[in-house]
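>>> Here you go, sequence then predicted model.
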Amino acid sequence: MDRDILDTNEHIEDEESSLRPASFDEYVGQHDLKENLRVFVGAAKMRDETLDHVLFYGPPGLGKTTMSMIIANEMGTHIKITTGPSIEKTGDLVALLTSLEPGDVLFIDEIHRLSPVVEEYLYSAMEDYRIDIIIDEIHRLNKVVEEILYPAMEDFCVDVMIGKDATTRSVRIDLPPFTLVGATTRAGDISAPLRDRFGIVAKLDYYKDEELRDIISRTSKVYCMTMEEEAKMELARRSRGTPRIANRLFRRVRDFAQFYGDEIITKDRTMQALDRLKVDNLGLDDVDHKYLLGIINRFQGGPVGLEALAASVGEERMTLEDVYEPYLLQKGLIKRTSRGRIATDLAYRHFHITREN
């Protein structure tokens, strides 16, 4: 559990975190969402209250974690980070919630992967800032939870209620007010009761090329590597509208430039590096090519079921659905139908293939 929960200070020491903006002013893109959050955070601070619980959804790499860190920084509080799959049982959630200080931000990535039992415990924590544990389950809680419960009981932070029926005995743990920020790539997989408890629900969209260029400019300054403006735009166009991919590709282009002794990253070097990495002018990589050409060549353009397509490409169904398909849909290269996936005319033109061929 300790490996999955990180404080903001620990993130700062990580190379990736050095690229993360620390305030709304530094954050590039997502303009409407950013300005709305600026209002919500500012109003909460004026009332001396915690911010309402926030749910971010959208494709991976668009800045959901970064935005949660900015919320904590702007609120002047701390953030704790974990993932849905790492909270395996109610004891894990109890340990996490009881470690929060007043006003803290708790960020749960992949929140759609919480178990139903853990979700039930989370409901009361989000609404009433308390959590009930059935007495019969306490002996099964791990040692970390027990060590938290002991001082809580000694300091009268835990209210032990004993009823006549042994099955209804419970320990009620009062929690400090906190803000839960959930992130998901699959908003439809979040149960309605959990989704309804978020006061702020926002979708993160793909970035424009100009916004990615500004992000690449900041990244080049962080890494002390000068890059031509044309090279920045070329890299931005091939970054699938995603800051995480833009930063990853920048590091690889920088490797090529430094290896060949370039003092400045040029457009030609950028194109050479991206071609070597098999990233084409639309930002499609080798898996995208296999996916699209699989539909076109093996399944006559579709429709084809995702399971069959995943088997032919050699990738997990969930990976294709969460990572690759959103961008292909956004670019108009595929269609989803009730019968399966279909390659569009644009996909055929991209590979210079005619339907007759």
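Structure received. These numbers come from a predicted model, not from an experiment.

>>> per-residue confidence for Arg248?
On pLDDT, Arg248 comes in at 94.

>>> now do Met1
Per-residue pLDDT puts Met1 at 42.

>>> which ones are touching the spatially most central residue of the chain?
Nearest to the geometric centre of the chain sits Lys64, at 4.8 Å (C-alpha atoms, centre = their mean). Applying C-beta atoms under 8 Å, 6 or more residues apart in numbering, one finds that Lys64 lies in contact with 56-58, 109, 183, 204. (Glycine included, C-beta is placed from N, CA and C.)

>>> Tell me where the model's unsure across the chain.
1-17, 131-173, 357 (pLDDT under 70).

>>> Give me the three-state assignment for the nearest residue to Arg238 once chain neighbours are set aside.
Of all residues not flanking Arg238 in the chain, Gly283 sits nearest, at 4.5 Å (C-beta to C-beta, 6 or more residues apart in numbering). Following DSSP: H, G, I helix; E, B strand; the rest coil, Gly283 is assigned to coil.

>>> which of the residues in stretch 268-284 are buried?
269-271, 273-274, 277, 279-280, 283-284 (16 or more other C-beta atoms under 10 Å).

>>> can you check stretch 248-268 too?
For stretch 248-268, the neighbour count (16+ other C-beta under 10 Å) marks 249-250, 253-254, 256-257, 262, 265-267 as buried.

>>> Quick one: end-to-end distance for it.
18 Å (C-alpha to C-alpha, to the nearest Å).

>>> How far away from the center of its chain is that stretch?
Distance, stretch centre to chain centre, for stretch 248-268: 28 Å (C-alpha atoms, centre = their mean, to the nearest Å).

>>> same thing with stretch 342-354?
Remark: stretch 342-354 is offset 31 Å from the chain centroid, using C-alpha atoms, centre = their mean.

>>> Could I get the CA-only coordinates of it as PDB?
Extracted in PDB, the C-alpha atoms of stretch 342-354 (Å, rounded to 0.1, in the frame of the first residue of the first chain):
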ATOM      1  CA  ILE A 342     -15.000  -0.400 -39.700                       C
ATOM      2  CA  ALA A 343     -12.200   1.400 -41.500                       C
ATOM      3  CA  THR A 344     -13.300   4.700 -43.100                       C
ATOM      4  CA  ASP A 345     -12.300   6.000 -46.500                       C
ATOM      5  CA  LEU A 346      -9.800   8.300 -44.700                       C
ATOM      6  CA  ALA A 347      -8.000   5.300 -43.400                       C
ATOM      7  CA  TYR A 348      -7.800   3.800 -46.900                       C
ATOM      8  CA  ARG A 349      -6.400   7.100 -48.300                       C
ATOM      9  CA  HIS A 350      -3.900   7.300 -45.500                       C
ATOM     10  CA  PHE A 351      -2.300   4.100 -46.600                       C
ATOM     11  CA  HIS A 352      -2.900   4.900 -50.300                       C
ATOM     12  CA  ILE A 353      -5.200   1.800 -50.700                       C
ATOM     13  CA  THR A 354      -8.400   1.700 -52.700                       C
END
